[in-house]
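> Mind folding the following:
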Amino acid sequence: MRIKELRGLSTEALQARLGELRLESGIERRKIASTGVQSRKGAKIREMKRAIAQIQTLLKERGVAS
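As a prediction, the model looks like this:
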């Protein structure tokens with residue numbers, strides 16, 4: 001998601017998306033750790049980390065603890 005799209009979401013929706021991304025990134029990291037194969041998944045994790053950081057920034061701007 002782009003930052004403009006994230007800004008249009010409500011605080012509750014942002015918190016829900018943050019939870020989903022954290023769960024999904026944990027699953028991907030465990031897959032890489034167990035198989036030892038990174039290939040395309042490294043880029044996917046990088047995108048998820050960026051999205052998590054953007055959402056956390058927006059929540060801080062709104063004065064909500066994440």
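> can I assume Met48 is in contact with Gly26?
No - assessed by C-beta atoms under 8 Å, Met48 is found out of contact with Gly26, at 9.7 Å. All C-beta spots, glycine's among them, are computed from the backbone N, C-alpha and C.
> Which one of the two is surrounded by more residues?
Legend: neighbour count by other C-beta atoms under 10 Å for Met48 and Gly26, higher for Met48 (18 against 11).
> Of all residues in the protein, which one is nearest the centre?
What sits nearest the mean C-alpha location of the chain, by C-alpha atoms, centre = their mean, is Ile52, with 3.2 Å.
> element containing that residue, please.
In this structure, Ile52 is located in helix 41-61 according to DSSP states H and E.
> Contacts for that helix next, please.
The contact list for helix 41-61 (C-beta atoms under 8 Å, 6 or more residues apart in numbering) reads 1, 3, 6-7, 11, 14-15, 17-18, 21-22, 24-25, 28-29, 31-32, 65-66.
> In terms of secondary structure, what does the one helix or strand Leu14 maps to contact?
Leu14 is part of helix 11-35 when elements are defined by DSSP H and E. Here helix 11-35 touches helix 41-61, going by 3 or more C-beta pairs under 8 Å, 6 or more residues apart in numbering; DSSP states H and E.
> Buried residues of the helix it packs on, list them for me.
Across helix 41-61, burial judged by 16 or more other C-beta atoms under 10 Å covers 45, 48, 51-52, 54-55, 58-59.
> Check stretch 14-23 too.
14, 17-18, 21.
> Nearest to Gly36, out of those residues: which one, please.
Leu21 (23.7 Å; C-beta to C-beta).
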